[in-house]
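**Q** Mind folding the following:
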Amino acid sequence: MILKTKFQLSFMMFLEFFIWGAWFVTLGTFLGTNLQAKDSEISLAFSTQSFGAIIAPFIVGMIADRYFNAEKILGLIHILGGILMFWLYKTSDFGLFFPILLGYMILFMPTLALVNSISFNQMSNPEKEFSVIRVWGTVGWITAGFMISFLGWDSQEGLSQGMLGNTLLMASAMSILLGVYSFSLPKTPPKGKDSGPFEISKALGLDALSLLKHKNFAIFFVCSILICIPLAFYYQNTSPFLTEIGLENSTGKMALGQVSEVLFMLALPIFFSKFGVKKTLMLGMFAWAVRYFLFAYGDAESGVWMLLIGIALHGICYDFFFVSGQIYTDSHAGEKYKSSAQGMITLATYGVGMLIGFWIAGLISENYADLAGNHDWKSIWLIPSGISVMVLLLFTALFKKERVQPLQ
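**A** Numbering: from 1, shown residues only. Next up is the predicted model:
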C-alpha cells in the first residue's frame, strides 16, 4: 500500500471514531444536565446504538454491497448524519431528541462496516496492515475525549452553563468534514452486485447458526450476550457517575481506557498464544467484575486511584474478551461462514445483548436514585460486578479447554 493511501485510510479512521467519541461518551451526562432526562430515558437513548447495530446489515447488505461504491455511501451518510447531529444540538426536548438520535444511529452504525470495507479493499495483507490503520480510530476517540476536558465542557462550570451541548456541534462539523472527505477516498466498488438475491438470513449472519451445534461455541455465544449486560452499564453510567461525584476532566480521564486498549491489544497475541482462548476470555470477564468493584468503592478524593484503575482496565475488558471472541469465532467459522459468523456475533452482542443491558441499567439506576436525581452508585456498580462474576463462573464451569490458532 502506498503512503498516500495509508494516510487517507488512517485519517478516515481518525475522523470516524473522533465523531463517535465526541458525543457518545458524555451522552448520559448531557441528557441528565441539559435535557433533565430520567435514567429510563437515558437508557432509551443509548439503546439506539443497538437498534442501529440490528438494522446496519440491511443497509450494508442491500445498498452498499450491491449498488454503490462504499466511499460514496460513507460520504452521503456522514453528511446526512452531520445535519441530524446539528439538529440534536438545537433540540431541548427529549421527546424530539430520541427519534432524531435513532435516525442518526441507524445511519451511523453501518459506517463502522463501511470504513473497514474501504480499508480492506486496499490491502493485500489485511492481517498485518489493518491494525496499523485501525489504531488511528482509537487515537481519534482519545483525542475527542481530551479535547472535551481541555475545553472545559465537562467541568462543573461548563456543565452549569450547558456547554456539554458543544460536543454535538463538534461531532456535527466533523461528520460533515468526513462526509466531504470520503469522496476523495480510494474507489471501493460494490462486490455483491452479481451474488444473487439479497437474503436476510445471510445479512444478519443467521446462516452461521449451525456453529451453535458445537457445545463450546454455544457456551461462548450465550456468555457473549450476557457479558454485554455489564458492558452497557459502563457506556451508559460512567460519565454521569464521574460527573456526579465531582471528578474533574472526567471525559479526558475516560479516554485513558482507549490508551489502555491500544497497549493491551499489543499484548493480546502473546497472552492468547501462551494461555489459550479459555483463560484469555476468563481474564476479560474477571476484569469487568474488578472494574465495577473499584467503581463501587472509589471516590473523587482519596479513592480516585480506584476510579483510574477501573478506567484503565478497559483494555483487558474489551480486548481480552471481545477481540479474543472475534478470533475464536473466526477459528470456528472457517471460510464458509467467516463473514456470517462475525455478523451473527455482532448482532448478538451489540444488538441483543446491549439492548437488554441498556434497559436493565436504566431500571437499576432509576431505582437507586433519589428525588433530587442523586444516585447510590455503590449499589448500582455492585450489580454489574456481580453479573460479571456469575457469567465468569458459568463460562468457567461449562467451557472446555480448546486450542485456537493464535494471532500472527
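**Q** Could you verify my assumption that Ser50 touches Phe358?
**A** Yes. Ser50 is in contact with Phe358 according to Cβ atoms under 8 Å; the separation is 6.8 Å. C-betas here are computed from N, CA, C, even on glycine.
**Q** CA atoms only for the helix or strand hosting Glu16, dumped as CSV, please.
**A** Here Glu16 is covered by helix 3-24, with elements defined by DSSP states H and E. Extracted in CSV, the C-alpha atoms of helix 3-24 (Å, rounded to 0.1, in the frame of the first residue of the first chain):
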residue,chain,number,x,y,z
LEU,A,3,2.0,6.1,1.7
LYS,A,4,-0.8,8.3,0.3
THR,A,5,-3.4,5.6,0.7
LYS,A,6,-2.2,4.8,4.2
PHE,A,7,-2.6,8.4,5.2
GLN,A,8,-6.1,8.6,3.5
LEU,A,9,-7.3,5.5,5.4
SER,A,10,-5.7,6.5,8.7
PHE,A,11,-7.3,9.9,8.6
MET,A,12,-10.7,8.3,7.7
MET,A,13,-10.5,6.1,10.7
PHE,A,14,-9.4,9.0,12.9
LEU,A,15,-12.4,11.1,11.9
GLU,A,16,-14.8,8.1,12.1
PHE,A,17,-14.1,7.4,15.8
PHE,A,18,-13.5,11.0,16.7
ILE,A,19,-17.1,11.7,15.7
TRP,A,20,-18.4,8.8,17.8
GLY,A,21,-16.2,9.6,20.9
ALA,A,22,-17.1,13.3,20.7
TRP,A,23,-20.7,12.8,21.8
PHE,A,24,-21.3,9.2,22.8
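**Q** any idea of the mean pLDDT for that helix?
**A** Over the span of helix 3-24, the pLDDT mean works out to 94.
**Q** By neighbour count, which bits of that helix are buried? Give me those.
**A** Applying a neighbour-count criterion of 16 or more other Cβ atoms under 10 Å, one finds 6, 8-24 buried in helix 3-24.
**Q** secondary structure class for Gln122?
**A** At Gln122, secondary structure determined by DSSP: H, G, I helix; E, B strand; the rest coil is coil.
**Q** That one - how many residues pack around it?
**A** As a burial measure, the neighbour count of Gln122 was computed by other Cβ atoms under 10 Å and equals 19.
**Q** Can you give the domain ranges for this structure?
**A** The record assigns the chain these domain ranges, following automatic domain parsing: 1-185, 205-408.
**Q** where in the stretch 301-408 of the chain is pLDDT low?
**A** Per-residue confidence of the stretch 301-408 of the chain (counting by pLDDT under 70) places the weak regions at 334-340, 342, 403-408.
**Q** most centrally placed residue in the chain?
**A** Nearest to the mean C-alpha position of the chain, counting by Cα atoms, centre = their mean, stands Tyr350 at 7.7 Å.
**Q** so that one makes contact with Thr48?
**A** No. Counting by Cβ under 8 Å, Tyr350 sits too far from Thr48 to count as a contact (11.8 Å).
**Q** immediately after the helix holding Glu16, which helix or strand?
**A** Moving toward the C-terminus from helix 3-24, the first helix or strand encountered (DSSP H and E) is helix 27-34.
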